[in-house]
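Colleague: prediction below, plus the sequence it came from.
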Amino acid sequence: MMRSEEQADRYRVEAEECRCVAERAIKQPDRESWLRLAANWMKLAEGASLRDELKK
């Protein structure tokens, strides 16, 4: 099982990938959807980091 911080790092990578796809999106609705996904991945990363901090 992954540590919370490892999960957080993975979620951040996913968020960055979504932002990269958003930059290449041609249609505005697509771009907005990818940016929302990126924001959701970042929320997951923040939650995982918080769990890691609470364990200390």
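Modeller: Received it, and whenever you're ready, just let me know what you need. Numbers count the residues shown, from 1 in each chain.

Colleague: and the helices in the protein, which stretches?
Modeller: 4-24, 28-55 (DSSP state H).

Colleague: now render those helices as a markdown table, adding mean pLDDT and mean neighbour count.
Modeller: Using the backbone N, CA and C atoms, a C-beta is placed for each residue, glycine as well. Shown next, in a markdown table, are the helices of the chain (pLDDT from 0 to 100; neighbours: other C-beta atoms under 10 Å):
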| stretch | mean pLDDT | mean neighbour count |
| --- | --- | --- |
| helix 4-24 | 97 | 16 |
| helix 28-55 | 93 | 14 |
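
Colleague: contact partners for the closest residue to Asp30 other than its chain neighbours?
Modeller: For Asp30, ignoring the flanking residues on the chain, the nearest one in space by C-beta to C-beta, 6 or more residues apart in numbering is Ala22 at 7.8 Å. Contacts of Ala22 were listed using C-beta atoms under 8 Å, 6 or more residues apart in numbering, and they are Asp30, Arg31, Glu32, Trp34, Leu35, Ala38.

Colleague: how about the residue most central in space within the chain, nearest residue that isn't a chain neighbour?
Modeller: In the chain, the C-alpha nearest the mean C-alpha coordinate belongs to Trp41, at 2.5 Å (C-alpha atoms, centre = their mean). Nearest non-adjacent residue to Trp41, counting by C-beta to C-beta, 6+ apart: Ala15, 3.7 Å away.
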